[in-house]
Each structure stands twice: as C-alpha cells, then as structure tokens.
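>>> Can you look at this prediction? I've put the sequence above it.
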Amino acid sequence: MGPALSKIDREHPPQLAYGTAGFRCDATQLVIAMERVGMLAALRSRDRDGLKIGVMVTASHNPHRDNGVKIVDPTGAMLAQAWESKAEKVACCPESQLLETLASVAEGEAASASVVIGRDTRAHSRALSQRVRAGAEALGARVEDVGVVTTPQLHHCVRAANGFSPVVKGPLYGYADALVDAFEALLKTSPHKTGRPDSTVVVDCAGGVGAFGIHQLRRRLEERGLASVLSLRAANIVREAPLNHQCGAEHVQKQRLPPKNLSRRDLGAPNLRGCSVDGDADRLVYWFHGLSNFEIVDGDKIASLLAVFIARELAAAQPLIGTPSLGVVQTAYANGAAAAFLRERRVEVAFAKTGVKYVHHAAEAFDVGVYFEANGHGTVLVKEALRARLAQLDSEPGTGGRARLAVSRLHAVARLANQSVGDALADLLLVEAVLCLQQKSIAAWGALYDELPSRQLKQRVASRALLEPNATETRLVAPAALQAKIDALAASHKSGRAFVRPSGTEDVVRVYAEAATRRDADALALEVRRAVFDLAGGLGERP
Ligand code: G16
C-alpha cells in the first residue's frame, strides 16, 4: 500500500481538502493524513471534555483504490464544520511544524482523550486505521477499535458510548437489536397480522460491509419470527463483487442500471423488490423490474413515502401532541417532480447544498425533518423534546384510539431512524415497515409521481477548484461563460434544467440534467458535459 513508512516525505504531505464527507483520495496518499486525523480526533476529544470521537476509515462509494476518513463528533453527528479547516491544517502541515500546528488547534483542557475507530472492507483500510490509532495514541488518547463496521454503525457506537442514546445490550452498543426492536414495534401497530406474499428483499451489498449488517439483521428477524414479513437476501457480498464495481447504490442510481451478479430470477420476478447500498452502507436506493423497464426508486421517493406517512400520523396524533412542524430537505439533485408532489400534500420542502452535513443541519429546523439526497443518503430527524413526549405517551397504559396508535407509530419511527446520519440498514427497515403498514407494493410506491427523466455524468478537468458554485450549488459563479452556455443549453430543451458542480469526494466535475423526455435529458447532459470539457479544461477525450 504505497511507499514504506520510512520512505514517506513527511515534510511535504499531500495537500488534501476536507471535502463533502472528509478527506478522500487515492489510498497511497493517505498515510500521513490518517496519523494526523488520529491526533486531531484526540484534540477534538479533549476539546469536548474527553468524550469519544469517532474516526471511520472509508471511501464509501468511491472505487476500491481510493480511501478516506469521516470524523464523528460525540453526539454521533459529523465533525463540526468549524473544525474542518483545523483538520486540513493538521493533515497538511510539514512535520517540522506539526507541534506548533497542533498547539494552535488544541483548545480543550480535559486530561483524557478517547477515540473510537472503525473501518470498511477495503484492502488498505486496516493498515490506514492502524495509522489513525498511532496518531491518536501519540497524543495519549485511549483507543477503541470496533473493526469492520458500516459508517452509521460507527456513528451509533460513538453516540451510544457517550450516553446520547439509550444503550441496548448486544454487539456494537446494541445497534442491530435496537433497530429490530423498533421495527417490531412499528409492525405491531399494523392491523394486518399475517405475513406478506412478497416478503423477500434482495439487498445488493456493493461488495462491501453492508453484507455483514444485513446478516445481523436477518438473523434477528428470523429469531423473532419476523421472516414472513421481511426476508433479507444478500447479494454482492464481500468478495462476490469488487467493491462498488458495477454494483451498489452509486452505480444503480447514477448509471440507472441493475447491479451485476443478480440472476434473471432476481431481476425479473414479479413482486420481487431489491435495493442497493453503497460501500459503507450509508445510502440506500430501491429497484424493481416494471412491465418493461428496470425501475429505480431513489432517495426522493424514499423521502416522499416517509413524509406522507409521517404527515398522516402527525395529523392523527394531534389531540395528544399538538402540531409539530414537518419538513423535507432536498438538494439540487432532487427531481423537480418530487418537490411538486410533496407541496401538493402540504409538506414543506427546503433545499440545501449537496452533502449530508448541510442537509442534516437544514432538517434540524423542523420538529420532524425528513432528508434524503436523491442518491439515497438520508434519514428522519425527530427533535429531542418531541421524542421525549412520544416516549412518555407511548409508555402510558394504552387507551386505544387513533391518536394513541399514531403516537406509537411516530415513536417507533423516531427509534428506528438513525438520528446522526443516513443509514441504509435503518432506512431499509423503515421503508419495509411503512410499505407493510400501507400494504403497498414497490410498483405502487414507484408510481407515487412521474419523475422528469434525468441523467448524471462526470467529467475530469485539469482543476475542478476553478469551478465556483453559488451557495446552493445550482449555478456557477465562475467561469461565467460556462454558466451562460449551460443556461442556453437548458433553455433549448423542454423543461430543461442542468447544473454542474465540483465533486467533494472524487476528482471530477459532476453534471446533472433533467428534461421532459429521456432523449432530451440524455442529450442535455452530454451537451453540458461537452461544455465543461471545452470551457473548463477537460482532460481525456472530448465526450
Ligand atoms: C458523500 C456525502 C453525500 C454526497 C456524496 C457525493 O457520500 O456524504 O452527502 O452526496 O458524497 O458528494 P460529491 O458529489 O461532492 O462527490 P458518500 O456515501 O460517498 O460518503
């Protein structure tokens, strides 16, 4: 994995930027950054009075050669944005300036520091996580290594270990048990007491760590006699497919293609639904075979399904809980039809910049904030005061009635949805419970509204830093000529909308286009990609 430790030029570490989800690049560039992240995590822990800080070694949806790191704050939230620039300073400074750089970052007085480390299944993740440990221990931190876990599992461990959520007995601070408890509680509110004819869900695990999580859930569902309601079948498990290669949520949602390695039986069976998670299992998209096409049910439709369900239950619970606010937060990638669908149902829709760290923050403005990026990254946040009220009402002896039923449902949703970050496994159980309660097929869910056809492409350029997007990343402030060209191209297609933005996880410019027909959406995306190539220093062959 890259140069031997002794050969690394510590005076000139790679100059990395803390992107959409932390540091991420070719794994060989990361040795120094990982040590420094271990040190930074120790300092952050001291700054937070010795509470545990999480470090997840993963490059999520990126190809296997890449790796990266996500840093988790004590509540399970992503690293506070004010610390991102500190992380960059520490990761990128020459060794000779390390001590003074660390001193300039250190704010906390606490005597002890504590760091929890997790990693994904990449071949280099173990060695890189050892560098994180070395860095944290060099500053005297106590290290707990929870091994190979999904990113949301690490968030859960940090949140629970610091006492911000009730700890359920079981491995990984009771992660799987807590999810299945909440799933069972939600199902118990169903008037339909028998199993489902379509209980099987095929889960494409992207060749990554999600397969272990699915195994843990499946075992618990079977032990509790819930397999007739939900039977999970894992596909593309570790070693069955190279990580994220032609499989997983990123491939399915961006390429709009089925994951590889699934038999015709899996892909063509009537009523059979499948879903794909990404390399660290924080994203989820569903799919099925419609009458003639492979159909994708993406993050927009997950948000729509959940928001409509929650809106109904909030209305029913009103006599007991009043009228808490509900909102859905999306990004520029959300299909235009999704916001229209939600607004017609009087659900407020807000927008934030791409990246769960922005979307999560915007969702916190609501008592119940549903956020999903179209790529399947999202969850349902329930404000602490409302959670407590629901828990109290739900624990009182039941008087029956619709309002009381709604309280039980909302309380189960609040327990099931990950309160820190998007979580493919939690979202899978949440979606399945709602489909089951509503006796809805995946085809009926997919038909909630007609999407405008869309296409996403990417283009390599000499320097993506030259593209400066506006605050919502829907337009470019610079280069102005490129934005003018995009406007003209979009206007030339019926219902055309297009934007480009520099990726914060890959060395590419992302292109999004939607239009009235599939043909137009595809043509517009290609035209915009060519404009990026021509006006922003495209690399490789002109598309
Ligand atoms: C990360 C972020 C997501 C974001 C995605 C793509 O996902 O957590 O919020 O949508 O990157 O970001 P970009 O377009 O900037 O490359 P993951 O699953 O890769 O960690």
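That came through fine. Numbers count the residues shown, from 1 in each chain.
>>> For the rest of this, base every contact and every neighbour count on C-alpha atoms.
Noted.
>>> the strands in the stretch 51-200 of the chain, which residues?
Taking DSSP state E, counting those that start in this stretch, the strands of the stretch 51-200 of the chain run over residues 52-57, 66-72, 114-119, 142-148, 200-204.
>>> Please identify the buried residues of the fourth one?
To tie it back to what came earlier, the one meant is strand 142-148. By neighbour count on 16 or more other C-alpha atoms under 10 Å, the buried set for strand 142-148 is 142, 143, 146, 147, 148.
>>> Which two of these have the greatest separation?
Greatest spatial distance among the buried residues of strand 142-148 (C-alpha to C-alpha): 142 and 148, at 18.8 Å.
>>> Name the nearest residue to residue 343, ignoring sequence neighbours.
Of all residues not flanking residue 343 in the chain, residue 349 sits nearest, at 7.0 Å (C-alpha to C-alpha, 6 or more residues apart in numbering).
>>> circling back to that earlier point, tell me the one among the buried residues of strand 142-148 nearest to the ligand.
Distance to the ligand, by C-alpha to the nearest ligand atom, is smallest for residue 148 among these, at 16.1 Å.
>>> count of neighbours near the residue nearest to that closest one when sequence neighbours are not counted?
In space, and not counting its chain neighbours, residue 148 is closest to residue 119: 4.9 Å by C-alpha to C-alpha, 6+ apart. Using other C-alpha atoms under 10 Å, residue 119 is surrounded by 29 other residues.
>>> correct me, but residue 119 touches residue 58?
Yes: contact between residue 119 and residue 58 holds when scored by C-alpha atoms under 8 Å: they sit 6.0 Å apart.
>>> still on that earlier bit, now do the same contact list for the residue nearest to residue 148.
Contact analysis of residue 119 by C-alpha atoms under 8 Å, 6 or more residues apart in numbering lists 56, 57, 58, 125, 126, 129, 147, 148, 149, 150, 151.
>>> Can you tell me the number of residues neighbouring residue 227?
Neighbour count for residue 227, taken as other C-alpha under 10 Å: 18.
>>> same question but for residue 191, I mixed them up
Residue 191: 9 neighbours (other C-alpha under 10 Å).
>>> Give me the spatial nearest neighbour of the residue in the stretch 251-400 of the chain that the ligand sits nearest to, chain neighbours excluded.
Residue nearest to the ligand within the stretch 251-400 of the chain: residue 355 (3.2 Å; C-alpha to the nearest ligand atom). In space, and not counting its chain neighbours, residue 355 is closest to residue 20: 5.5 Å by C-alpha to C-alpha, 6+ apart.
>>> what's the distance between the one you found and residue 468?
Counting by C-alpha to C-alpha, to the nearest Å, the gap from residue 20 to residue 468 is 15 Å.
>>> Over to residue 41?
In terms of C-alpha to C-alpha, residue 41 sits 30 Å off from residue 468.
>>> before we move on, back to that, I'd assumed the residue nearest to residue 343 was in a strand, is it?
Yes: counting by DSSP: H, G, I helix; E, B strand; the rest coil, residue 349 is part of a strand.
>>> start at 24 instead
Shifting the count to begin at 24 puts that one at residue 372.
>>> list the contacts for it?
Neighbouring residues of residue 372 by C-alpha under 8 Å, 6+ apart: 350, 351, 352, 353, 362, 365, 366.
>>> quick one: the second one and residue 328 touch, right?
Right, the one you point to is residue 351. No: using C-alpha under 8 Å, residue 351 makes no contact with residue 328, being 11.2 Å away.
>>> The two: who's more crowded?
Neighbour count, other C-alpha under 10 Å: between residue 351 and residue 328, residue 351 has more, with 27 against 18.
>>> contacting residues around that one?
By C-alpha under 8 Å, 6+ apart, the contact set of residue 351 is 326, 330, 370, 371, 372, 373, 386, 392, 393, 394, 395.
>>> one more time with 7 Å, if that's ok
Neighbouring residues of residue 351 by C-alpha atoms under 7 Å, 6 or more residues apart in numbering: 371, 372, 373, 392, 393, 394.
>>> Make sure it is indeed in a helix.
No: remark: residue 351 does not belong to a helix; assigned using three-state DSSP, it is strand.
>>> what's the nearest residue to the residue nearest the centre of the chain if we skip its chain neighbours?
Nearest to the geometric centre of the chain sits residue 400, at 3.2 Å (C-alpha atoms, centre = their mean). Leaving out its chain neighbours, the residue that sits closest to residue 400 by C-alpha to C-alpha, 6+ apart is residue 306, at 4.4 Å.
>>> surely that neighbour meets residue 298?
No: contact criterion C-alpha atoms under 7 Å: residue 306 and residue 298 do not qualify, at 10.2 Å.
>>> give me every residue that touches the closest residue to residue 154 other than its chain neighbours.
The spatial neighbour of residue 154 that comes closest, neighbours along the chain excluded (C-alpha to C-alpha, 6+ apart), is residue 58 at 4.9 Å. By C-alpha under 7 Å, 6+ apart, the contact set of residue 58 is 154, 155, 157, 158.
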